[in-house]
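K.L.:
My questions are about this predicted structure, shown below with the sequence.
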Amino acid sequence: MSTLKSSGRGGQWLSALAVSAIATMAGGAMDAWVYFAHGHVFANTQSGNVVLMGIAFAGGDVASAATHLPSFGGWMRRSVDAASMAKVPPSARHFH
């Protein structure tokens, strides 16, 4: 297990804060790019897709809401796959 080395008083906390800030900005930038470049859907989180789909459905715009269904369906499929993999004993898992 690795640990951050403190370079002085509060150095470890500042290093962790800097890494967290960079990771957050990178994730946000990628999410913004995907949102605008790929049909106004979020690839990083499903909560954004669910909110936008709900708003579109509530406003009666079924066509706009339907654009979020492939992404949501893919997320559901990956969730089911992950849940089923968790039931397989580690000795029986073979990834190539």
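P.N.:
That came through fine. Residues are numbered from 1 along each chain as shown.
K.L.:
Quick check: which ranges of this protein have low pLDDT?
P.N.:
For the chain, the stretches with pLDDT under 70 are 1-11, 42-45, 93-96.
K.L.:
Return the distance of F72 relative to Q46.
P.N.:
Distance from F72 to Q46, counting by Cβ to Cβ, to the nearest Å: 6 Å. For every residue, glycine as well, the C-beta is placed using N, CA and C.
K.L.:
more crowded one of the two?
P.N.:
Q46 (18 against 14; other Cβ atoms under 10 Å).
K.L.:
which SSE is V34 in?
P.N.:
Taking DSSP states H and E as the criterion, V34 maps to helix 11-37.
K.L.:
buried residues in that helix?
P.N.:
Neighbour counts using 16 or more other Cβ atoms under 10 Å place 34-35 of helix 11-37 among the buried residues.
K.L.:
next SSE after that helix?
P.N.:
helix 46-58.
K.L.:
Keeping just the C-alphas, turn that following helix into CSV.
P.N.:
Extracted in CSV, the C-alpha atoms of helix 46-58 (Å, rounded to 0.1, in the frame of the first residue of the first chain):
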residue,chain,number,x,y,z
GLN,A,46,-25.8,7.7,-15.5
SER,A,47,-27.3,10.2,-13.0
GLY,A,48,-27.1,13.0,-15.6
ASN,A,49,-28.7,10.8,-18.3
VAL,A,50,-31.5,9.8,-16.0
VAL,A,51,-32.2,13.5,-15.0
LEU,A,52,-32.2,14.7,-18.6
MET,A,53,-34.4,11.8,-19.7
GLY,A,54,-36.8,12.5,-16.9
ILE,A,55,-37.0,16.2,-17.8
ALA,A,56,-37.6,15.4,-21.4
PHE,A,57,-40.3,12.8,-20.5
ALA,A,58,-42.0,15.3,-18.1
